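K.L.:
Here's my sequence, what's the structure:
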Amino acid sequence: MPYVLLAFAIAFEVTATLAMRASEGMSRLGPSVLVVAGYLISFVFMAKALTSLNVGPVYAIWSALGTIGAFAGGVVLFDEQVRPLTIAGAVIIVLGVIVMNLGGGVSRG
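P.N.:
Model (predicted):
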């Protein structure tokens with residue numbers, strides 16, 4: 001169950017980040033409301049997940065998958081460019097999360 005909560009946290013964080021891009025500097029009401037609500041809900045889900053998972057690896061997973069999700073969403077929704085160096089950075093992020101999980105796992109205790 002904590003991994004489901006973490007997945008929801010990531011999904012809401014990515015949604016909020018993409019809404020921030022769509023808000024045009026927080027000047028459009030709908031996307032701006034989605035930004036605030038999305039981050040708030042994301043933090044609530046992550047806080048719930050942290051009741052049974054270690055904070056370091058969970059934050060690494062949350063931020064890494066959020067970064068990759070925002071990157072992919074930017075490409076799909078806003079026609080942002082994909083460059084080889086950006087893809088290399090995404091791979092490095094994923095490798096970093098794997099290393100953190102090998103070093104300490106995500107279960108508390």
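
K.L.:
Show me what counts as buried in the helix or strand encompassing Val97.
P.N.:
Val97 belongs to helix 84-104 when assigned by DSSP states H and E. For helix 84-104, the neighbour count (16 or more other C-beta atoms under 10 Å) marks Ala90, Ile93, Val97, Met100, Asn101 as buried. Any C-beta I mention is one placed from the backbone N, CA and C, and that applies to glycine too.

K.L.:
Same question for stretch 26-44.
P.N.:
Pro31, Ser32, Leu34, Val35, Gly38, Tyr39, Ile41, Ser42.

K.L.:
And stretch 49-63, by the same measure?
P.N.:
Quick answer for stretch 49-63 (16+ other C-beta under 10 Å): Ala49, Leu50, Leu53, Asn54, Pro57, Val58, Ala60, Ile61, Trp62.

K.L.:
where do the helices sit along this protein?
P.N.:
For the chain, the helices defined by DSSP state H occupy 2-22, 29-49, 55-78, 84-104.

K.L.:
per-residue confidence averaged over the last one?
P.N.:
Over the span of helix 84-104, the pLDDT mean works out to 86.

K.L.:
Can you spell out which helices and strands pack onto that helix?
P.N.:
helix 55-78 (3 or more C-beta pairs under 8 Å, 6 or more residues apart in numbering; DSSP states H and E).

K.L.:
State the separation between the helix it packs on and the centre of the chain it belongs to.
P.N.:
4 Å (C-alpha atoms, centre = their mean, to the nearest Å).

K.L.:
Which neighbouring elements make contact with it?
P.N.:
On a contact count with 3+ C-beta pairs under 8 Å, 6+ apart, helix 55-78 meets helix 2-22, helix 29-49, helix 84-104.

K.L.:
Please export the C-alpha coordinates of that helix as PDB.
P.N.:
C-alpha atoms of helix 55-78 as PDB (Å, rounded to 0.1, in the frame of the first residue of the first chain):
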ATOM      1  CA  VAL A  55      12.600   9.100   3.600                       C
ATOM      2  CA  GLY A  56      15.900   9.100   1.500                       C
ATOM      3  CA  PRO A  57      15.000   6.500  -1.100                       C
ATOM      4  CA  VAL A  58      11.300   7.500  -1.200                       C
ATOM      5  CA  TYR A  59      12.300  11.200  -1.800                       C
ATOM      6  CA  ALA A  60      14.700  10.000  -4.500                       C
ATOM      7  CA  ILE A  61      12.000   7.900  -6.200                       C
ATOM      8  CA  TRP A  62       9.500  10.800  -5.900                       C
ATOM      9  CA  SER A  63      11.800  13.400  -7.300                       C
ATOM     10  CA  ALA A  64      13.300  11.200 -10.000                       C
ATOM     11  CA  LEU A  65      10.100   9.900 -11.400                       C
ATOM     12  CA  GLY A  66       8.600  13.400 -11.000                       C
ATOM     13  CA  THR A  67      11.400  14.900 -13.000                       C
ATOM     14  CA  ILE A  68      11.100  12.200 -15.700                       C
ATOM     15  CA  GLY A  69       7.300  12.500 -15.800                       C
ATOM     16  CA  ALA A  70       7.600  16.300 -16.100                       C
ATOM     17  CA  PHE A  71      10.100  15.900 -18.900                       C
ATOM     18  CA  ALA A  72       7.900  13.500 -20.800                       C
ATOM     19  CA  GLY A  73       4.800  15.600 -20.200                       C
ATOM     20  CA  GLY A  74       6.600  18.700 -21.500                       C
ATOM     21  CA  VAL A  75       7.500  16.800 -24.600                       C
ATOM     22  CA  VAL A  76       4.000  15.400 -25.200                       C
ATOM     23  CA  LEU A  77       1.900  18.400 -24.100                       C
ATOM     24  CA  PHE A  78       4.100  21.400 -24.900                       C
END
